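**Q** Just a sequence and a predicted model for now, questions to come.
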Amino acid sequence: MTYIVTDACVRCKYTDCVEVCPVDCFYEGENFLVIHPDECIDCGVCEPECPVEAIKPDTEDDPDGKWLAVNSKFAEIWPNITVRKDPPADADAMAEEDGKYEKYFSEKPGSGD
């Protein structure tokens, strides 16, 4: 098992989770974070840190494995992030919106550390 980041993170991108990760397995996109599934040690300390509940065990993934695939793909190409950053200014307003991945997701990398 590994943990995955899901739709709720898009355009919220709170980074409280990266500070507590003991193995630094988070990677940063322009408006989304992902977890590298081969680096995650399944400790689960990141899950309760996410204020929008975007982090889930992969056992709670979509039936087609969408979020594991997204996390796997972008963890290979985006920069590592290990320190907390301020969320986007509109993060709170975006927190309750559904279907954000299809509407807003960007493949561009973030700045990392």
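**A** Cool, the structure landed.
**Q** which residues are contacting the worst-scoring helix or strand of the chain on mean pLDDT?
**A** Lowest mean confidence among the helices and strands of the chain (mean pLDDT, DSSP states H and E): helix 91-94, at a mean of 94. Contact with helix 91-94 is made by 10, 11, 12, 13, 14, 88, 100, as judged by C-beta atoms under 8 Å, 6 or more residues apart in numbering. In this view, the C-beta of every residue, glycine as well, is placed from N, C-alpha and C.
**Q** Of the residues you listed, select the buried ones using a ChimeraX command.
**A** Remark: buried members of the contacts of helix 91-94, expressed as a ChimeraX selection using 16 or more other C-beta atoms under 10 Å:
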select :10,11,12,13,14,100
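**Q** coming back round to it: now do the buried residues in the least confident helix or strand of the chain.
**A** Applying 16+ other C-beta under 10 Å to helix 91-94 flags 91, 94 as buried.
**Q** what's the next secondary structure element after that helix?
**A** Downstream of helix 91-94, the next assigned helix or strand under DSSP states H and E is helix 100-104.
**Q** If we go by neighbour counts, what in that following helix is buried?
**A** 100, 101.
**Q** Excluding residues flanking it in the chain, which one is nearest residue 45?
**A** residue 20 (4.8 Å; C-beta to C-beta, 6 or more residues apart in numbering).
**Q** I'd assumed residue 49 was in contact with the one you found.
**A** Yes: the pair residue 20 / residue 49 is scored as a contact, 5.5 Å apart, by C-beta atoms under 8 Å.
**Q** what about these two, which has more around it?
**A** residue 49 (16 against 13; other C-beta atoms under 10 Å).
**Q** quick one, strands of this protein?
**A** 3-5, 26-28, 33-35, 55-57 (DSSP state E).
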